[in-house]
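> show me how the following folds:
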Amino acid sequence: MNFTVIARTQSSETTFHHASLLNAISQGMSLSASGKADVRIADGDGLSRTPAELFRLMFGRSGVESACNPTIASVATPFAA
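Residues are numbered from 1 along each chain as shown. Predicted coordinates:
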């Protein structure tokens, strides 16, 4: 399936095409972090979501959100060296 990343500003719209959902999410998150106000990822069926929504659908609340929560992170077991 193909994915289209759409990033808008007040004066322009930019689109990028990806065959990989992970690449589309990565680029969408980067564009959002760089200040693009309206970043969406559309699939081949026309369904459109934000990069954060797709990240949560794929990975749930674990990962980045848990690592950033000091309560959860403090009880995490460190990786073996």
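> nearest residue to the middle of the chain?
Note on the chain: the residue nearest the mean C-alpha position is residue 51, at 3.2 Å, using C-alpha atoms, centre = their mean.
> so how far is residue 16 from that residue?
To residue 16, residue 51 is 12 Å away according to C-beta to C-beta, to the nearest Å. Placement of C-beta: from N, CA and C, glycine included.
> shared neighbours of these two, which are they?
Shared contacts of residue 51 and residue 16 (C-beta atoms under 8 Å, 6 or more residues apart in numbering): 5, 24.
> now the longest helix anywhere in the chain: buried residues?
When the chain is scanned for its longest helix (criterion: DSSP state H), the result is helix 21-33. By neighbour count on 16 or more other C-beta atoms under 10 Å, the buried set for helix 21-33 is 21, 24, 25, 27, 28, 29, 31, 32.
> and the gap between the third one and residue 1?
Plainly put, residue 25 is 13 Å away from residue 1 if you go by C-beta to C-beta.
> show me what contacts residue 3?
Counted by C-beta under 8 Å, 6+ apart, residue 3 has contacts 17, 18, 19, 20, 21, 23, 24, 41, 42, 43, 44.
> show me what contacts the closest residue in space to it that isn't next to it in sequence?
Among residues not flanking residue 3 along the chain, residue 24 sits closest, at 3.9 Å (C-beta to C-beta, 6 or more residues apart in numbering). Counting by C-beta under 8 Å, 6+ apart, residue 24 makes contact with 3, 4, 5, 16, 18, 41, 51, 54.
> farthest pair within the residues you listed?
Using C-beta to C-beta, these reach their maximum pairwise distance at 16 and 54, which is 14.6 Å.
> in TSV: the contacts of residue 3, plus pLDDT.
Formatted as TSV, those follow (pLDDT from 0 to 100):
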residue	pLDDT
17	96
18	96
19	95
20	94
21	93
23	95
24	95
41	95
42	94
43	91
44	88
